[in-house]
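Visitor: Need coordinates for the following:
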Amino acid sequence: RDRPILDAVPVIRQLKRQPVTTSFPSGHAASAAAFATGVALESKGWGAVVAPVAAAVAASRVYTGVHYPSDVLAGAALGIGAAFALRGVVPTRGQLPAPGRPPGEAPALPAGKDLVVVVNRESGT
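Guide: Alright, predicted model coming up:
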């Protein structure tokens, strides 16, 4: 469908260059929602950080008058759906088996000479 008529949008809020493509759905909202959903599927904490940015992108499309709210909602729904659909194709870290290595042979060190121990407390979490 055509883009909203800008008569009701103050000039200060209008984009300098108006898009020439159709209004439905919002590609910006779809991309932002897909990215935020993908991040959230990997890390809930980072997802909580990125989600407001995606919401701001979506809101800005309505605020500047280049999309109707329904365009943005449909775009966001498409983006979220795409992220979940691709989750089945591209596994997240939580879906992958933990990397493992077979035990290796190490020479005996008399009295621990030249022994270095590295401990990773975050390993396995």
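
Visitor: low-confidence ranges in the chain?
Guide: Applying pLDDT under 70 to the chain flags the ranges 2-23, 91-95, 124-125.

Visitor: Residue most distant from the centroid, it?
Guide: residue 110 (51.7 Å; CA atoms, centre = their mean).

Visitor: can you pull the contacts of that one?
Guide: Residues counted as contacts of residue 110 (CB atoms under 8 Å, 6 or more residues apart in numbering): none. Placement of C-beta: from N, CA and C, glycine included.

Visitor: Okay, and residue 106 sits in which element?
Guide: Residue 106 is part of no helix or strand when elements are defined by DSSP states H and E.

Visitor: Can you get me a residue count around it?
Guide: Residues near residue 106, counting by other CB atoms under 10 Å, number 7.

Visitor: Now do the same contact list for it.
Guide: Here residue 106 is in contact with no residues (criterion: CB under 8 Å, 6+ apart).

Visitor: State the distance from it to residue 26.
Guide: Residue 106 is 58 Å from residue 26, where distance means CB to CB, to the nearest Å.

Visitor: and what of residue 43?
Guide: With distances taken as CB to CB, residue 43 is found 25 Å from residue 26.

Visitor: repeat for residue 119
Guide: 48 Å.

Visitor: More neighbours: those two, which one.
Guide: More neighbours surround residue 26 than the other of residue 119 and residue 26, with 27 against 5 (other CB under 10 Å).

Visitor: Pretty sure that one sits against residue 79.
Guide: No: with contact defined as CB atoms under 8 Å, residue 26 does not count as touching residue 79 (9.2 Å).
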